[in-house]
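*Asks:* what follows is a predicted protein model with its sequence.
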Amino acid sequence: MTNVLPIDLDPAVIEQLGHELDEIYDATIASLGERDERYIRRLIRTQRTLALGSRVAMLAGAAVRRRGLLRRKVGATGRRAGTALLGLGTAGLGLAKILENMEIGHNVMHGQWDWMNDPEINSTIWEWDTVCSADHWKHGHNIVHHTWTNVLGKDRDIGYEILRTTSEKPWNPVYLAQPIYNTLLALMFEWGVGLHELDFDKLASGTKEQKAEQLELFQGFLRKAARQAAKDYVLWPSLAGPGFVDVVIADTVANLIRNIWSYTIIFCGHFPDGVHLFDRSVIEDETRAGWYLRQLLGSANITGGPRFHVLAGNLSHQIEHHLFPDMPSNRYQQVAPRIEALCVRYGLPYNAGPLRRQFGTTIRKIWRYALPGGTDTVSEAPALRVA
């Protein structure tokens, strides 16, 4: 059952844990300075340079494929050179989109860099390179998800409203197709995220006010999606002239690269073995320390090296991100060992594992709950110790 916390700690001990986590947060925020500013400014410059260079390579590759080298007749050499440039540009643009969405856009919109008082790198004005509107994301993700993390009936990120990922959700024959539409969600992840803020039940059968609210949200999504699609699939490809189709295909592949990677990292932080769900009763009279404990038990990390963490937007440190969502992401690697040490000292699980383990148990769960029944389990997760 999920109506009680899966760990038995005295309330006073929980409050002490919360106090120690507050101290880690306060000390880290107080130490922010020039080195952190250099990190985010350098990363943004690198990402923008990579994105522009990749698009230029794509345009050049399309031109060479269609017109040949130096406008000579297109031959096998020209086609190979053009294809290589297109491939290089596609891979580079996919990487640039990953950096912008994961380590830059997501984290800027959390307010992680608002302390710099920079007029551009600010959560109030940042608009990211995806079909999801920044305003919609900041409400559905920053407010709803981070406030009610893994609380059944409150957090719409549990299964993203379309997947059955717990035995608490009644089974329906529609879930037999879950492996299929989970794959489609991975391929079209930015579109799933863009539509996630919408409540289609309210749009179809809600009150007049609810329908009006949902219609406004849907129109906002359409406006942002149209601008994004025009940029990726009309404006940039138009610059390629006869190579229009080549650039459209390259842009599509770049978006697929970003979508699959984002899906993988985000799902591995929320759905592997050992990640707990909670009944609404848990949040009754919940203190700040109790909220901390819920974040610890409801998140999972992915182990890896520094470059991997940057590409993951440091959401490979999902535990630290859920604890401190407005802490600059470059500091998560620094505080992670202290969080893990706290968990050891308090007898709490610290769910961390390699990508293959976290992704494997996530996919296993999605396939298992496509079928009737199922038992929520923490089999392979760190053992829960009772204080």
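*Replies:* Arrived safely, thanks for sending.
*Asks:* the bottom helix or strand of this protein by mean pLDDT?
*Replies:* Ranked by mean pLDDT, DSSP states H and E, the helix or strand of the chain with the weakest confidence is helix 200-205, at a mean of 85.
*Asks:* which neighbouring elements make contact with the helix or strand immediately after that one in the chain?
*Replies:* Downstream of helix 200-205, the next assigned helix or strand under DSSP states H and E is helix 208-230. Counting contacts by 3 or more CB pairs under 8 Å, 6 or more residues apart in numbering; DSSP states H and E, helix 208-230 packs against helix 134-137, helix 189-195, helix 200-205. C-betas here are computed from N, CA, C, even on glycine.
*Asks:* related to what we said a few turns ago, list the buried ones in the least confident helix or strand of the chain?
*Replies:* Buried residues in helix 200-205, counted by 16 or more other CB atoms under 10 Å: Lys202, Leu203.
*Asks:* what is it packed up against?
*Replies:* For helix 200-205, the packing partners by 3+ CB pairs under 8 Å, 6+ apart come out as helix 208-230.
*Asks:* show residues contacting the helix it packs on.
*Replies:* With contact meaning CB atoms under 8 Å, 6 or more residues apart in numbering, helix 208-230 is reached by 129-133, 135-136, 191, 194-195, 197-200, 202-203, 206.
*Asks:* flag every buried residue along that helix.
*Replies:* Buried residues in helix 208-230, counted by 16+ other CB under 10 Å: Glu213, Gln214, Leu217, Gly220, Phe221, Lys224, Ala225, Gln228.
*Asks:* in the next helix or strand after it, what counts as buried?
*Replies:* As assigned by DSSP H and E, the chain's next helix or strand after helix 208-230 is helix 236-238. If you call a residue buried by 16+ other CB under 10 Å, then helix 236-238 has these buried ones: Trp236, Pro237.
*Asks:* now helix 236-238: mean pLDDT?
*Replies:* Mean pLDDT, helix 236-238: 96.
*Asks:* that helix: how far from the chain's middle?
*Replies:* On the basis of CA atoms, centre = their mean, to the nearest Å, helix 236-238 sits 28 Å off its chain's mean C-alpha point.
*Asks:* who does the next helix or strand after that helix touch, helix- and strand-wise?
*Replies:* Where DSSP H and E defines the elements, the next helix or strand beyond helix 236-238 is helix 244-270. Applying 3+ CB pairs under 8 Å, 6+ apart, we find helix 244-270 packed against helix 34-67, helix 76-98, helix 178-187, helix 189-195, helix 236-238, strand 301-302, helix 318-323, helix 355-368.
*Asks:* list the buried ones in the helix or strand that helix 244-270 is followed by?
*Replies:* Per DSSP H and E, helix 244-270 leads on to helix 288-297 as the next helix or strand towards the C-terminus. Within helix 288-297, the residues scored as buried using 16+ other CB under 10 Å are Ala289, Gly290, Trp291, Tyr292, Leu293, Arg294, Gln295, Leu296, Leu297.
*Asks:* show me which of the residues you listed is closest to Glu120.
*Replies:* Nearest to Glu120 among the buried residues of helix 288-297, counting by CB to CB, is Gln295 at 30.0 Å.
*Asks:* now do the contacts for the closest one.
*Replies:* Applying CB under 8 Å, 6+ apart to Gln295 gives the contacts Thr149, Ile319, His322, Leu323.
*Asks:* one more pass at 10 Å, please.
*Replies:* Gln295 sits next to Leu21, His146, Thr149, Asn150, Gln318, Ile319, Glu320, His321, His322, Leu323, Phe324, Pro325 when contact means CB atoms under 10 Å, 6 or more residues apart in numbering.
*Asks:* cool, and Val335?
*Replies:* Counting by CB under 10 Å, 6+ apart, Val335 has contacts Leu21, Ile24, Tyr25, Ala27, Thr28, His317, Glu320, Leu323, Phe324, Met327.
*Asks:* redo that, cut-off 8 Å
*Replies:* Contact partners of Val335, counting by CB under 8 Å, 6+ apart, are Ile24, Thr28, Glu320, Phe324, Met327.
*Asks:* most neighbours among those residues, please name it.
*Replies:* Glu320 (27 neighbours; other CB atoms under 10 Å).
*Asks:* what's near enough to touch the residue nearest in space to the middle of the chain?
*Replies:* Nearest to the geometric centre of the chain sits Ile266, at 4.4 Å (CA atoms, centre = their mean). The neighbourhood of Ile266, defined by CB under 8 Å, 6+ apart, consists of Leu315.
*Asks:* so how far is Leu187 from it?
*Replies:* Going from Ile266 to Leu187 by CB to CB, to the nearest Å gives 14 Å.
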